[in-house]
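Visitor: sequence-free structure coming up:
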């Protein structure tokens with residue numbers, strides 16, 4: 001069976017839509033069987049372990065199986081902005097990106113294009129390209145698919161763990177089972193790859209393997225953040241590397257729904273970071289400056305991140 005056959009009755013993500021994407025049917029991710037993406041660029045807005053000194057070679061894929069209404073990448077994850085590429089064109093553009101000297105290949109929200117991801121990584125390695133490949137994802141994944149990626153394609157997993165509160169997950173992305181599913185997926189990632197290494201917050205030595213879990217603190221919901229930290233601590237221990245993010249900004253959907261209509265406060269964020277310290281986590285990225293607005297994306301621009309245009 002070809003990897004591409006997985007699109008015929010799609011069960012790539014926990015939604016298990018079982019649609020035939022090869023015939024133009026769309027499930028929750030909103031995408032067919034032809035890969036689509038928005039932007040390919042050296043990106044300097046990731047954690048120093050990934051951006052390093054020369055940037056992370058980032059490919060932003062269109063669509064998303066998770067579908068959080070507040071997503072900062074909503075133009076591509078929810079509105080499906082993007083362009084279609086053949087596998088050969090994807091490999092060509094990835095090689096061109098790597099030719100710019102970036103530290104890694106960073107695949108953002110690519111889980112619903114898993115067959116293309118594996119095919120791309122195989123093609124690069126056949127051509128002698130061994131740069132680390134990052135899987136930058138929502139955490140909403142099937143362990144079986146994570147194992148396939150770990151064995152065939154991915155060196156570094158960079159999952160979110162968004163919700164430990166089932167009701168909040170249902171409200172934000174329509175699946176109350178997200179907490180247990182994401183935790184199982186992250187545990188599988190960790191079993192395959194272990195903690196992120198090397199750990200160098202200066203960015204001088206970028207990471208080339210392992211797992212780092214991201215968590216975005218939501219305004220008024222630090223109870224969820226406490227539960228997220230407690231859950232990963234109980235399951236994987238204090239040596240799991242974390243990135244606790246304060247960069248939330250309200251999107252148009254937040255105003256429409258009447259929720260999350262403000263940024264996180266300094267006090268809220270500090271309480272979450274203090275709790276991570278109490279739990280004893282040893283490797284933690286924090287965002288005390290609440291994110292750089294120059295890295296708030298606008299995917300209608302040729303360069304979505306103004307911060308990438310700086311002289312690095």
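Guide: Nice, I can see it. In this text, all values refer to a predicted model and were calculated from it rather than measured experimentally. Numbers count the residues shown, from 1 in each chain.
Visitor: going forward, measure contacts and count neighbours with C-alpha atoms only.
Guide: Fine.
Visitor: shouldn't residue 113 be within a helix?
Guide: Yes: with DSSP: H, G, I helix; E, B strand; the rest coil as the criterion, residue 113 is part of a helix.
Visitor: show me what contacts it?
Guide: By CA atoms under 8 Å, 6 or more residues apart in numbering, residue 113 lies in contact with 33, 35.
Visitor: let me know the pLDDT of it.
Guide: The model reports residue 113 with a pLDDT of 98.
Visitor: distance of it from residue 215?
Guide: Going from residue 113 to residue 215 by CA to CA, to the nearest Å gives 23 Å.
Visitor: output the contacting helices and strands for the strand or helix carrying residue 179.
Guide: Using DSSP states H and E, residue 179 sits within helix 178-193. Applying 3 or more CA pairs under 8 Å, 6 or more residues apart in numbering; DSSP states H and E, we find helix 178-193 packed against helix 143-152, strand 156-159, helix 166-173, strand 210-211, helix 222-236.
Visitor: tabulate those in a markdown table, adding columns for mean pLDDT and mean neighbour count.
Guide: As requested, the helices and strands packed on helix 178-193 are exported to a markdown table (pLDDT from 0 to 100; neighbours: other CA atoms under 10 Å):
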| stretch | mean pLDDT | mean neighbour count |
| --- | --- | --- |
| helix 143-152 | 96 | 17 |
| strand 156-159 | 98 | 27 |
| helix 166-173 | 98 | 16 |
| strand 210-211 | 98 | 26 |
| helix 222-236 | 98 | 17 |
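Visitor: which stretches of the stretch 1-150 of the chain form strands?
Guide: With DSSP state E, counting those that start in this stretch as the criterion, the stretch 1-150 of the chain has strands at 36-43, 56-61, 83-84, 105-108, 133-137.
Visitor: would you list those in JSON lines and tack on mean neighbour count?
Guide: Converted to JSON lines, the strands of the stretch 1-150 of the chain look like this (neighbours: other CA atoms under 10 Å):
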{"stretch": "strand 36-43", "mean neighbour count": "22"}
{"stretch": "strand 56-61", "mean neighbour count": "25"}
{"stretch": "strand 83-84", "mean neighbour count": "13"}
{"stretch": "strand 105-108", "mean neighbour count": "24"}
{"stretch": "strand 133-137", "mean neighbour count": "23"}
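Visitor: including mean pLDDT, could those strands go into CSV?
Guide: Putting the strands of the stretch 1-150 of the chain into CSV (pLDDT from 0 to 100) gives the following:
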stretch, mean pLDDT
strand 36-43, 95
strand 56-61, 98
strand 83-84, 96
strand 105-108, 98
strand 133-137, 98
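Visitor: turn those strands into a markdown table, including distance to residue 69.
Guide: As requested, these are exported to a markdown table (distance: least, CA to CA, whole Å):
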| stretch | distance to residue 69 |
| --- | --- |
| strand 36-43 | 19 |
| strand 56-61 | 17 |
| strand 83-84 | 22 |
| strand 105-108 | 17 |
| strand 133-137 | 16 |
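Visitor: out of the helices and strands packed on helix 178-193, which gets nearest to residue 52?
Guide: The minimum distance between residue 52 and the helices and strands packed on helix 178-193 falls on strand 156-159, with 14.7 Å, by CA to CA.
Visitor: which elements pack onto the closest one?
Guide: Here strand 156-159 touches strand 133-137, helix 178-193, strand 210-211, strand 213-216, going by 3+ CA pairs under 8 Å, 6+ apart.
Visitor: listing partners with orientation, what would you give for that strand?
Guide: Strand 156-159 sits in its sheet next to strand 133-137 (parallel), strand 210-211 (parallel), going by DSSP bridges.
Visitor: can you list contacts of the first one?
Guide: Contact partners of strand 133-137, identified using CA under 8 Å, 6+ apart, comprise 104-111, 153-160.
Visitor: quick check: angle from that strand to strand 56-61?
Guide: For strand 133-137 against strand 56-61, the angle between stretch directions is 50 degrees (axes from the mean of the first three to the mean of the last three CA atoms, to 10 degrees).
Visitor: now render the helices and strands packed on helix 178-193 as CSV, adding distance to residue 91.
Guide: Shown next, in CSV, are the helices and strands packed on helix 178-193 (distance: least, CA to CA, whole Å):
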stretch, distance to residue 91
helix 143-152, 16
strand 156-159, 19
helix 166-173, 32
strand 210-211, 24
helix 222-236, 35
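Visitor: and those: which comes nearest residue 99?
Guide: Of all the helices and strands packed on helix 178-193, strand 156-159 sits nearest to residue 99, with 20.2 Å by CA to CA.
Visitor: run the chain-centre distance for that closest one.
Guide: 7 Å (CA atoms, centre = their mean, to the nearest Å).
Visitor: rewinding a little: for residue 53, find the nearest of the helices and strands packed on strand 156-159.
Guide: strand 133-137 (16.7 Å).
Visitor: give me the angle between the closest one and helix 143-152.
Guide: 160 degrees.
Visitor: state the mean pLDDT of stretch 120-132.
Guide: The pLDDT scores in stretch 120-132 average 93.
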